[in-house]
Structures are given as C-alpha cells and as structure tokens.
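Chemist: only geometry, no sequence info:
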C-alpha cells in the first residue's frame with residue numbers, strides 16, 4: 001500500500017512541470033532501490049509510449065531544415081561511430097567472458113539508442129528474458145549516471161550548446177536521457193541533441209536487417225515509426241507558423257512527458273536488477289561507454305565532429 005501511494009505521489013510530482021528531468025530520474029531511482037515496485041509492468045509500457053509521444057511533441061519546436069542538416073552532416077561519423085562501438089563492444093565482451101548474445105545487445109544499445117535498439121535486436125538474436133534483462137539493466141544504469149553527470153561535465157569543460165548537444169547525442173544511450181541531459185544544458189543543445197539522436201536511431205533498421213541476414217532470422221523488425229511523426233511535426237513547425245501558440249503548448253507538454261518518462265525509467269532500476277546484471281556485462285558496458293564518450297568528446301573538441 002505504501003509503495004503504491006509513494007509511486008503515485010512521485011509520478012504526480014514528476015508530471016507537475018516543477019521538477020527537472022535529473023531530479024525526476026533521481027526520485028525514480030530512490031523509489032526503485034528502496035521500495036517494491038507497485039506498477040512495474042505498467043511503468044515499463046507507459047514509459048515506452050510516453051517517450052515516443054514526448055519526442056513527437058518536441059518536433060513541434062524543431063525547424064525541418066535543422067533536422068535535415070543534422071542527419072546529413074552526421075551520416076559519416078554516425079556510421080563510423082556505430083561500427084566502432086559494435087567492434088570494440090564485442091571484443092570487450094569476449095575479453096570479459098560475457099555470453100555472445102548479451103554482449104551484442106549491450107554493444108548495439110551503446111552504438112545506437114539504448115533500450116530501443118536492444119528491444120529491436122532481442123527477437124532477432126533469440127535473446128532470452130534473462131539476457132534481455134542483463135542488457136537493459138546495464139544500459140539503464142549507465143543512462144541514469146549519464147543524465148546526472150553530463151551537464152556538470154559540459155559546464156566544467158565550458159562546452160558550447162552545439163558541442164554539448166552533439167556529445168550527448170553520441171555518448172548517451174537512450175533518447176530519453178539524451179533529451180533530458182540536453183534540456184538541462186540549454187534550448188540550443190536540446191534541439192541539436194534531439195535531431196542528431198533521432199537520426200542515429202534510424203540506424204536500428206539497417207543494423208537489425210544486417211543482423212537478421214547474418215543469423216538467417218525471420219523475426220519481425222521493429223520500425224521506429226515515431227521518428228517519422230517527429231519529422232512531420234517539424235514540417236508543421238517550419239511551414240505552418242500560424243499555429244505557433246499550439247506548437248509551444250505541445251513542446252511544453254512534451255518536456256513534462258519526458259520528465260515523467262525519466263521517473264518511470266528510474267523506478268525500473270532495483271537492487272535485483274543490479275544483481276542480475278552481474279559484474280562482467282556491467283564492466284563491458286562501462287568500459288565501452290567510457291571509450292565512446294571520451295572519443296566523441298575529443299573529436300568534438302578538436303573540431304572533427306561539428307554541425
């Protein structure tokens with residue numbers, strides 16, 4: 001009973017518009033680590049759909065030309081970055097004795113877009129529930145850490161809005177945490193991070209198709225349709241400016257929805273989740289994440305990656 005009441009109260013607080021994304025995530029983590037989850041399955045389902053709706057809503061604050069520019073200019077280093085993460089990730093998995101399927105799921109989650117990529121690859125690789133839990137647990141733990149530490153690091157390094165938006169999109173796993181960290185840093189960082197991350201998320205499709213081809217799998221590939229609606233929202237913002245007030249309302253609602261999403265995601269991290277992950281997959285995920293984040297930060301700093 002107590003856990004139900006606390007969950008509802010914290011969810012209402014996260015949805016009030018008065019709580020920042022990192023604080024909402026922290027509240028979720030405290031709940032997940034200290035109380036039995038009253039609505040575990042419902043929270044997982046709600047967070048997935050609420051994230052997609054929030055991303056679509058953020059599209060009403062984007063200019064279509066910026067979306068196209070971000071996708072076009074980031075094509076080469078996105079392809080190279082994904083290839084690097086997959087190769088190094090599988091190498092680390094072999095080095096630490098992580099089973100091949102969870103090692104691949106962790107690698108694709110780091111390379112593309114966290115939980116979404118893992119969910120898409122799971123059926124194709126015939127991953128068991130335990131293997132999915134290991135990969136998702138690893139990514140969610142690192143997501144939580146990134147959301148909390150990336151904005152202070154950006155401020156310490158005196159990164160510009162553009163630099164931080166790029167770094168967040170390239171180095172943080174899930175779209176929700178990318179947007180949350182960027183929103184904390186500034187409006188320009190939010191716009192860049194969202195467009196670059198969604199362009200990166202489109203790589204789920206070719207990577208999933210390639211994986212299915214190699215394995216001879218016939219599993220249905222999950223297409224990220226919400227990205228198309230994000231682009232449609234950007235079209236409306238760009239070519240139908242008369243509805244500016246309605247767009248502002250949609251963007252504000254999307255930011256609140258994102259904050260609530262982060263709370264729901266945080267509640268999914270429990271002591272049991274951390275124990276199930278184990279030290280080897282977590283070690284693979286941490287080292288791979290540190291390599292990806294530090295390499296992308298250095299390339300942004302020297303100007304090799306820029307918009």
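Modeler: Thanks, I have the structure now. Here the structure is a predicted model, which means the values were calculated and not measured.

Chemist: Per-residue pLDDT of residue 72, please?
Modeler: At residue 72, the model reports a pLDDT of 68.

Chemist: er, residue 157 I mean
Modeler: 94.

Chemist: how about it, what does it touch?
Modeler: Residue 157 is in contact with residue 297, counting by C-beta atoms under 8 Å, 6 or more residues apart in numbering. Glycine gets a C-beta too; all of them are placed from N, C-alpha and C.

Chemist: can you give me phi and psi for it?
Modeler: phi -80, psi 0 (degrees, to the nearest 10).

Chemist: Residue 207 versus that one, what's the distance?
Modeler: Applying C-beta to C-beta, to the nearest Å, the value for residue 157 to residue 207 is 31 Å.

Chemist: Next: residue 197.
Modeler: Distance of residue 197 to residue 207, given as C-beta to C-beta: 15 Å.

Chemist: Between the two, which is the more surrounded one?
Modeler: residue 197 (30 against 20; other C-beta atoms under 10 Å).

Chemist: in the helix or strand encompassing residue 84, what counts as buried?
Modeler: Assigned by DSSP states H and E, residue 84 belongs to helix 75-95. Going by neighbour count (16 or more other C-beta atoms under 10 Å), the buried part of helix 75-95 is 77-78, 81-82, 84-86, 88-90, 92-93.

Chemist: likewise stretch 233-243?
Modeler: Neighbour counts using 16+ other C-beta under 10 Å place 233-234, 236-237 of stretch 233-243 among the buried residues.

Chemist: quick one: that stretch to chain centroid distance?
Modeler: Here stretch 233-243 is found 26 Å from its chain centre; the criterion is C-alpha atoms, centre = their mean, to the nearest Å.

Chemist: burial count for the closest residue in space to residue 173 that isn't next to it in sequence?
Modeler: Once flanking residues are discounted, residue 173 sits nearest to residue 114: 3.2 Å by C-beta to C-beta, 6 or more residues apart in numbering. Other residues within reach of residue 114, judged by other C-beta under 10 Å, total 28.

Chemist: Is residue 114 in contact with residue 141, as I believe?
Modeler: No. Judged on C-beta atoms under 8 Å, residue 114 makes no contact with residue 141 at a distance of 11.2 Å.
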